[in-house]
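Participant: all I have is the shape, not the residue letters:
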């Protein structure tokens, strides 16, 4: 599990998130609601959520919650989308998070530091950036 997933689980558990932009806070509220609803039928996941909410400073409880969120994210595209929208808000300075939302037509390149040229070839096209 990565640090971002752990931070997201802390936020879902209710740890303070005042530094988030308004849109991210709204997304987090929606994620919390979705996770609670999804965990209703899973006693282990519900217990992990309650334990993390009871003590958001308990890294073991938050780690358990993060594991359940990761598992449910694989099966629930709505939760996966919310987590994806929030990930950039939980990265540390210097980390790189690339996000593409919506339908992509053609080639998409996501990168951080590129030193030198970039050549993209495919389907009979060649582009240089």
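Facilitator: That came in fine, so what should we check first? Not measured: the values here are computed from a predicted model.
Participant: ok, the spatially closest residue to residue 36 that is not a sequence neighbour - contacts?
Facilitator: In space, and not counting its chain neighbours, residue 36 is closest to residue 49: 6.9 Å by Cβ to Cβ, 6 or more residues apart in numbering. From N, CA and C alone the C-beta is placed, and that goes for glycine too. Residues near residue 49 by Cβ atoms under 8 Å, 6 or more residues apart in numbering: 12, 13, 35, 36, 39, 65, 68.
Participant: same thing with residue 69?
Facilitator: 5, 8, 9, 12, 35, 79, 83.
Participant: what's the neighbour count on the second one?
Facilitator: Neighbour count of residue 8, defined by other Cβ atoms under 10 Å: 25.
Participant: check what pLDDT it gets.
Facilitator: For residue 8, the pLDDT comes out at 86.
Participant: got the contact list for it?
Facilitator: Counted by Cβ under 8 Å, 6+ apart, residue 8 has contacts 31, 66, 69, 83, 86, 87, 90.
Participant: repeat that for the third one.
Facilitator: By Cβ under 8 Å, 6+ apart, the residues touching residue 9 are 52, 62, 63, 65, 66, 69.
Participant: in whichever helix or strand the last one is part of, what's buried?
Facilitator: Right, residue 69. Residue 69 belongs to helix 59-75 when assigned by DSSP states H and E. If you call a residue buried by 16 or more other Cβ atoms under 10 Å, then helix 59-75 has these buried ones: 61, 62, 63, 64, 65, 66, 67, 68, 69, 70, 72, 73.
Participant: work out for me the element the residue nearest the centre of the chain sits within.
Facilitator: For the chain, the residue nearest the mean C-alpha position is residue 83 (3.2 Å; Cα atoms, centre = their mean). Using DSSP H and E, residue 83 maps to helix 77-86.
Participant: so what secondary structure elements neighbour that helix?
Facilitator: Applying 3 or more Cβ pairs under 8 Å, 6 or more residues apart in numbering; DSSP states H and E, one finds that helix 77-86 contacts helix 3-13, helix 22-39, helix 59-75.
Participant: related to what we said a few turns ago, which of the buried residues of helix 59-75 sits closest to residue 44?
Facilitator: Nearest to residue 44, judged by Cβ to Cβ, of the buried residues of helix 59-75 is residue 68 at 7.3 Å.
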